[in-house]
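Colleague: build the 3D model from these lines:
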Amino acid sequence: MRRYLYILLFGITLTACSTSSKYRKQLKEVGTIIEENPDSAKILLDKIPASLLSQEGERALYYLLQTKADYKLHKHFSNDSTINYCVRYYQKTNQTMRLAIAYYYKGVINYEELNRKEYAVHCLKKAEELSIVSDNEALKNKIFELFHHIYYNAHNYKLSLKYANLFLESSMKMGDPELISRAYKLLSNDSDKRRNDAYGYYANLLLEENAAITEKALTERKNLWLTIAVAALAVLMMAFLVVVYLSRKAKEYRGIIDKDIEQIYQAEQKIELLQSTGKDYEHEVKRLKEQIDRLRETTAMELGLGKNVYDMITGGEMIKDFTKSKEQALINYYAYTFSKQYHGLILPYRKLTLRLTTYLVMQQMGLDDKRICELLNITDSTVRNYRHRLRNP
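Modeller: Numbering: from 1, shown residues only. Reported below is the predicted structural model:
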């Protein structure tokens, strides 16, 4: 009897090992294709029953790959419990590289889905530290780019510039022309995304500041002249795209932002650029400030209606007949009074209607969806539609 029991146990063990080995092989296959083909990776993952993964390590890897695939496929996350399992396991087993990846996805889920901004930054800082320890250049590259966007959207331009530079340095090390051109675009955004002359001015500063980094990265590559040509071509292409972008935006927002407001914003951005260099441009800054004062005097009459609408909204009043002209007046006044916040708000989007711009401005003013529905005389489903359309800049 005991002999049969041993045979049975031995058979069960062999079956479990065989099943475990099979799923381990499938997980390895998923890991090799998930970056380029997340759809195929997701199909393979869905064929693996999580309940049959007896080993903690296999379950942790399975949950990590599931999270990665879902994120790449833009799935919605209602919580971060799955990725928390991965974090706990990789902390316990001291697997630095996978722990860094787990913290990265924990950070992006909390930032983009759960709206826990400060906690997300804490997780991403952990991911950054661990990626540096494990020397995972690809992960560092993603983290640096994400931190640039986080600090740029928070109007912390000093930190956004720091991470844009780190992203450029990392992209140079990886030797990826697409990443390098994207890094130069981020750096141009930090100077003045809507001004080609400011872009050129900053590009010169950028090349001087990063000359040592660029030289070191390029000399490490076997084909030095080809890499230089690719980088130069990427910069020229970005300069051309900026010109095209500015031309398009000038037409799109002609009816939204009047000429004086644009000139005020341009002067403010130039002042910020001059002051950031650390050099003495006192005379030029003074001239630009006087120009801003003159422009504000000329726009005061035109923006009176917008100020009345803004004051009524912030005072909790209702507005009868919230016409398109009143929406336009509100946007013009907000763009004039809070130019930096306004441009930071709309720049991530390629194209915005008048109503979507109004919705963004009202959100920035601190109004909740219920109040916005009352003011614009729209339904909850319409607001949900606005949020969906604005989700992907």
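Colleague: going by C-alpha atoms from here, please, whenever you check contacts or count neighbours.
Modeller: Will do.
Colleague: just to check, Ala50 is in contact with Arg59?
Modeller: Yes. Here Ala50 lies in contact with Arg59, judged by Cα atoms under 8 Å, at a distance of 6.9 Å.
Colleague: next, count neighbours for Val133.
Modeller: When neighbours are defined as other Cα atoms under 10 Å, Val133 has 12 of them.
Colleague: now stretch 111-119: buried residues?
Modeller: Neighbour-count burial for stretch 111-119, counted by 16 or more other Cα atoms under 10 Å, picks out Tyr111, Glu113, Leu114, Lys117.
Colleague: wait, which of those is closest to Ile292?
Modeller: Closest approach between the buried residues of stretch 111-119 and Ile292, by Cα to Cα: Lys117, at 34.6 Å.
Colleague: can you pull the contacts of the closest one?
Modeller: Asn110, Tyr111 (Cα atoms under 8 Å, 6 or more residues apart in numbering).
Colleague: quick check: it vs Ile378, distance?
Modeller: As judged by Cα to Cα, to the nearest Å, Lys117 and Ile378 stand 29 Å apart.
Colleague: next: Ala335.
Modeller: Counting by Cα to Cα, the gap from Ala335 to Ile378 is 24 Å.
Colleague: neighbour count: the two, which is higher?
Modeller: Taking neighbours as other Cα under 10 Å, Ala335 and Ile378 compare with Ala335 leading, 22 against 12.
Colleague: surely that one meets Gly344?
Modeller: No. Ala335 lies out of contact with Gly344 (Cα under 8 Å); the separation is 10.5 Å.
Colleague: re the thing from before, ok, Ala50 and Arg59, which is more surrounded?
Modeller: Between Ala50 and Arg59, Arg59 has the larger neighbour count (other Cα under 10 Å), namely 20 against 14.
Colleague: for the more buried one, give me the pLDDT.
Modeller: Note for Arg59: predicted pLDDT of 86.
Colleague: just the helices in the stretch 51-200 of the chain please.
Modeller: Ranges of helices in the stretch 51-200 of the chain, per DSSP state H, counting those that start in this stretch, are 56-72, 81-92, 96-112, 117-134, 137-153, 157-174, 177-192, 196-209.
Colleague: buried sites along the fifth one?
Modeller: Of all the residues in helix 137-153, those buried under the rule 16+ other Cα under 10 Å are 139-141, 143-152.
Colleague: want to throw these into JSON lines with distance to Ser78 and pLDDT?
Modeller: Shown next, in JSON lines, are the buried residues of helix 137-153 (distance: Cα to Cα, whole Å; pLDDT from 0 to 100):
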{"residue": "Leu139", "distance to Ser78": "24", "pLDDT": "92"}
{"residue": "Lys140", "distance to Ser78": "26", "pLDDT": "90"}
{"residue": "Asn141", "distance to Ser78": "27", "pLDDT": "92"}
{"residue": "Ile143", "distance to Ser78": "22", "pLDDT": "91"}
{"residue": "Phe144", "distance to Ser78": "25", "pLDDT": "90"}
{"residue": "Glu145", "distance to Ser78": "24", "pLDDT": "89"}
{"residue": "Leu146", "distance to Ser78": "21", "pLDDT": "90"}
{"residue": "Phe147", "distance to Ser78": "23", "pLDDT": "87"}
{"residue": "His148", "distance to Ser78": "25", "pLDDT": "86"}
{"residue": "His149", "distance to Ser78": "23", "pLDDT": "87"}
{"residue": "Ile150", "distance to Ser78": "21", "pLDDT": "89"}
{"residue": "Tyr151", "distance to Ser78": "24", "pLDDT": "85"}
{"residue": "Tyr152", "distance to Ser78": "26", "pLDDT": "85"}
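Colleague: ok, those vs Ser171, which is closest?
Modeller: Asn141 (6.8 Å).
Colleague: I appreciate the help and will end here.
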